[in-house]
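Asker: have a look at this prediction, sequence included:
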Amino acid sequence: MPQRVARAARVSALEGLSTGFTGRVFTGMTDYFALLQEPRRPWLDPDHLKQRFLSLSSGVHPDRVHGADAAQRRSAQERYTELNQAYTQLRHPKERLRHLLELETGNKPQQVQEVPPDLMNLFFEVGQLCKQTDALLTEKRATTSPLLQVQILERGQLWSDRLNALGQKLNSRQQELTKELKELDLRWVALSDSSSATRTEILVRLEELYRWFSYFARWEEQIQERIVQLSL
């Protein structure tokens, strides 16, 4: 499906979901924003969020209730687990956007298999470098000669440098995404209950950014995995 058509379809779907709810869809799922007493928004300052979590969880931390009775310890553990889950979900953009979209639309973000055109070059670059690295790792596992092992070790360092350079490139692109996310957050905060069309437009873009962050997280994991294997 062409990207423009796909976006139009998502706009239509989101507009249908928001009808009668002034742009918000309320579900039975846990609202992690509410648990941490934070506004429901696309961007949260990491340092502030960490301090909020530490403040709310300090009184129910297992180390603080070890002298309480069994029921109190169990209640404190459940509360601490909830707060920790909320912090884990909201501290990273990808998980935060997924949670926000689920709360606002009542549905999980759609899983689209097509790589966005703007990411196609990176997709091939990551895939090619990982494939080449895997070939070297296969050769490394099959090599028993000490001399050849030294040569492979030297080649492995070169591939590690290339993987690290690509990781830095991905990090730079993610910083650009974060900048856009902050800009969308400002628009989101400025919305009124009557701004349903604008809210829908922002939600569509947030869903796209969620997928982008998902790709970058997957690629970073693939790169780090191979860097570790090369170091063994």
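Answerer: Arrived safely.

Asker: thought Val189 was touching Arg41?
Answerer: Yes: between Val189 and Arg41 there is a contact under Cβ atoms under 8 Å: 6.1 Å. Backbone N, C-alpha and C define where each C-beta goes, glycine included.

Asker: determine the longest helix present in this protein.
Answerer: Secondary structure of the chain per DSSP state H: the longest helix is helix 146-189.

Asker: and the next helix or strand past it?
Answerer: Where DSSP states H and E defines the elements, the next helix or strand beyond helix 146-189 is helix 196-231.

Asker: angle of that next one against helix 146-189?
Answerer: Calculated by axes from the mean of the first three to the mean of the last three Cα atoms, to 10 degrees, helix 196-231 forms an angle of 170 degrees with helix 146-189.

Asker: any idea of the mean pLDDT for helix 196-231?
Answerer: Here helix 196-231 scores 95 as its mean pLDDT.

Asker: ok, now stretch 181-191?
Answerer: Averaging pLDDT along stretch 181-191 yields 95.

Asker: from here on, call the first residue 43.
Answerer: All set: I'll call the first residue 43, so the last point we hit is now stretch 223-233.

Asker: chain center to that stretch: distance?
Answerer: Distance of stretch 223-233 from the chain centroid (Cα atoms, centre = their mean, to the nearest Å) equals 18 Å.

Asker: buried stuff in it?
Answerer: Going by neighbour count (16 or more other Cβ atoms under 10 Å), the buried part of stretch 223-233 is 223, 226-227, 230.

Asker: what do you get for stretch 205-217?
Answerer: 205, 208-209, 212, 215-216.

Asker: need these in a markdown table (columns: distance to Arg94 and pLDDT).
Answerer: What follows is the buried residues of stretch 205-217, written out as a markdown table (distance: Cβ to Cβ, whole Å; pLDDT from 0 to 100):
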| residue | distance to Arg94 | pLDDT |
| --- | --- | --- |
| Leu205 | 36 | 98 |
| Leu208 | 35 | 98 |
| Gly209 | 30 | 98 |
| Leu212 | 29 | 97 |
| Arg215 | 29 | 97 |
| Gln216 | 24 | 97 |
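
Asker: as CSV, the residues you listed with distance to Ile269 would be great.
Answerer: Output for the buried residues of stretch 205-217, formatted as CSV (distance: Cβ to Cβ, whole Å):
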residue, distance to Ile269
Leu205, 5
Leu208, 10
Gly209, 8
Leu212, 13
Arg215, 19
Gln216, 18
